[in-house]
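> Compute the structure for the input listed below.
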Amino acid sequence: MSNVNITVIGSLNIDMVTETSVVPGQGETVIGSDFSSFTGGKGANQAVACARLGAKVTMIGCVGEDAMAQQLKEALEREGIRTEYVKTVPHKPTGIAAITVSDSDNRIIVIPGANHCLRPEDIMDKRDVIAGSDIILIQQEIPLATVEAAIDLAHELNVRVILNPAPATRLPQELLEKIHLLTPNEYELAIVTGEESGGRGFNELLADYPYPLVMTAGSDGAYYKSSGMEQGHVPGRKVEAVDTTGAGDTFNGALAVRLSEGAELGEAVAFAVAASALSVTKLGAQSGMPLRAEVEALMAE
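Reported below is the predicted structural model:
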């Protein structure tokens, strides 16, 4: 295990996955091929990705008062993740993600449930946890006020923040200034900044954003710009995709681990691209997340 400490602030869901060769249109009923349920949520997924790759991980989030909550906490604990800061919210259901997988692509509807009960005060009273972290990893399946509180506290304590702005919302400039690294895709970047891509290429989008950025591009890999404004591109790796559900979360977890270990941004992005490529070769977000040795073996090829 690595000596780095990563705190993940985010969502915990149960993923309900339906597999089908045909996605139904409005008013249409089709026969699916399979159904599975998995532990998920962007926060929990990224926590598992970090733990599989060797980090010491603490999870901050909320679950409901139901059997699914225990399933989620036990899944994290099996990965060695600290769950004492996962709060149980009475009379609220645990979050659910309804996922339809067709031809390795996916469509997702999230019902937040208890995830929307994570409040700014739940972050502010974890000051010691934040202060003891090498990196804070945050997503946006929790209230924006809580995201802002976490970023403000980490900034005050001089702790680096990686924000994965998904689902994306417009973010104020003063908040973006406090983030060590933003990790959107092209669509999310347009929403965060309020500026449409307008046909510009990835390198132009990087150049126009004034802060460090890693922009994921699916099978095309990822584009990045460092704090020194150096730009780069890591091509995607060709694999047989089965389920892309956890690819972005694996990418963010892997990126956080390598940056916590002191890697340069380009090196960390290359590691994250390899990890996310491996993650899509299996069904389920967390079940497909690779171990460190698997990522290193792929990179050595």
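> neighbouring strands for the helix or strand hosting Lys87, and are they parallel or not?
Secondary structure assignment for Lys87, by DSSP states H and E: strand 86-88. Here strand 86-88 has these sheet partners by DSSP bridges: strand 56-63 (parallel).
> by contact count, what packs against the helix or strand following the strand it pairs with?
From strand 56-63 onward toward the C-terminus, using DSSP H and E, the following helix or strand is helix 67-78. On a contact count with 3 or more C-beta pairs under 8 Å, 6 or more residues apart in numbering; DSSP states H and E, helix 67-78 meets strand 13-19, strand 34-40, helix 42-52, strand 56-63, strand 86-88. Where C-beta positions appear, they are placed from N, C-alpha and C, glycine not excepted.
> what about those, which gets the closest to Glu188?
For the helices and strands packed on helix 67-78, proximity to Glu188 was assessed by C-beta to C-beta; helix 42-52 is nearest, at 12.3 Å.
> tell me what the closest one is packed against?
Helix 42-52 packs on strand 5-9, strand 56-63, helix 67-78, strand 135-138, helix 247-260, going by 3+ C-beta pairs under 8 Å, 6+ apart.
> mean confidence for that helix?
Model confidence over helix 42-52 averages 98 on the pLDDT scale.
> what are the C-alpha coordinates of it, in CSV please?
What follows is helix 42-52 as a C-alpha-only set of coordinates in CSV (Å, rounded to 0.1, in the frame of the first residue of the first chain):
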residue,chain,number,x,y,z
LYS,A,42,-19.2,8.5,-8.3
GLY,A,43,-17.8,9.1,-4.8
ALA,A,44,-17.7,5.5,-3.8
ASN,A,45,-16.4,4.4,-7.2
GLN,A,46,-13.5,6.9,-7.1
ALA,A,47,-12.7,5.8,-3.5
VAL,A,48,-12.5,2.1,-4.6
ALA,A,49,-10.3,3.1,-7.6
CYS,A,50,-7.9,4.9,-5.3
ALA,A,51,-7.8,2.0,-2.8
ARG,A,52,-7.3,-0.7,-5.5
